[in-house]
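Asks: one predicted model, sequence on top.
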Amino acid sequence: MDGKEISGEGSAKLKVMMFAPVSERRQTVKDLFNNIFVKNFPNDSYTSEDLCKVFEPFGPLISCKVDDSHAFGFVCFEKHEHAAKALETLSESENGLYIAKAVKKDVRKKILRIEMLKSMRQVARQNLYFKGFPVDGSQNAEILTDELKQYFAKFGEVKNLKLIQRREDGATKEELLGFGYVSFHTLEAAQKCRFEASKDLFQGVHKLYVNQFEWKELRAGHRMERIDQIELARYLKTEKTKHANEVLTAVKEDL
């Protein structure tokens, strides 16, 4: 059936090939790119001509431009294969340049925000919120802090611990608000504390409530991350459809 002509208005040839799952396909449409982003130039006098000399050996260029700020530049190849080869080769070289696929500014922001939230979430997993210790005034904050550090040290090395006190007119009072934060040096210690603290009473009588701490920005960021992921997926789908249409148009022109 491969190559068979299909009669009718605007006749075309039928293309038949073996089906391959997405995971086994060598290249997907969304992987195709012609534009490369470059930064970390060796000096402020680096020109577009200098940039072109670096990339010309890999194939014909459509454009090559260093921004007026000399902070970054863009290179556009005629063919994806040449752009991919340049990216692969120069990323492993020791020329000092930072090289990556060029994407739209709003897409870069979404990707950076997602990466930042992942990093913040990883750090937050080592920081715990706790409450349930005595606040009846029988112990001052300094002594209670030392005892809590000793208690949490059972689970792993404590990085820091802070009890939250009431503040009025910018000054901290001795009155404790009944909760605090503890940070461990390792994720394993923080996880051990979360799951085992309820089994080990503080001062032999107080059962502490311990849970993962999250910054306000991180909590708000969860919602933005979901929105960014949806919009990023929508953008990639649009680009895939756009490229597929271009390929289809080119095939029709060749027939």
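Replies: Perfect, I can see it now.

Asks: pLDDT on the helix or strand containing Arg166, on average?
Replies: Per DSSP states H and E: Arg166 is located in strand 158-168. Here strand 158-168 scores 85 as its mean pLDDT.

Asks: quick one: contacts of that strand?
Replies: 126, 141, 144-145, 148-149, 152, 172-177, 179-185 (C-beta atoms under 8 Å, 6 or more residues apart in numbering). Where C-beta positions appear, they are placed from N, C-alpha and C, glycine not excepted.

Asks: now, these that are in helices?
Replies: Members of the contacts of strand 158-168 lying in helices (criterion: DSSP state H): Ala141, Leu144, Thr145, Leu148, Lys149, Phe152.

Asks: ok, the fifth one - contacts?
Replies: With contacts defined as C-beta under 8 Å, 6+ apart, the neighbours of Lys149 are Val158, Leu161.

Asks: distance-wise, check it relative to Val205.
Replies: Here Lys149 is placed at a distance of 18 Å from Val205 (C-beta to C-beta, to the nearest Å).

Asks: the third one too?
Replies: When distance is defined by C-beta to C-beta, Thr145 is 18 Å away from Val205.

Asks: the more surrounded of those two?
Replies: Of the pair Thr145 and Val205, Thr145 is the one with more neighbours under other C-beta atoms under 10 Å, namely 17 against 7.

Asks: which ones are touching that one?
Replies: Leu161, Lys162, Leu163.

Asks: could you rerun that using 10 Å?
Replies: Listed by C-beta atoms under 10 Å, 6 or more residues apart in numbering, the contact partners of Thr145 are Phe133, Gln139, Leu161, Lys162, Leu163, Leu176, Gly180.

Asks: wait, which of these is closest to Asn40?
Replies: Set against Asn40, the nearest of the contacts of Thr145 by C-beta to C-beta is Lys162 (38.9 Å).

Asks: bridge partners for the residue nearest to Asn211 when sequence neighbours are not counted, pull those for me.
Replies: Leaving aside its chain neighbours, Asn211 sits nearest to Tyr129 (5.4 Å; criterion: C-beta to C-beta, 6 or more residues apart in numbering). Per DSSP bridges, the residues bridged to Tyr129 are Tyr181, Asn211.
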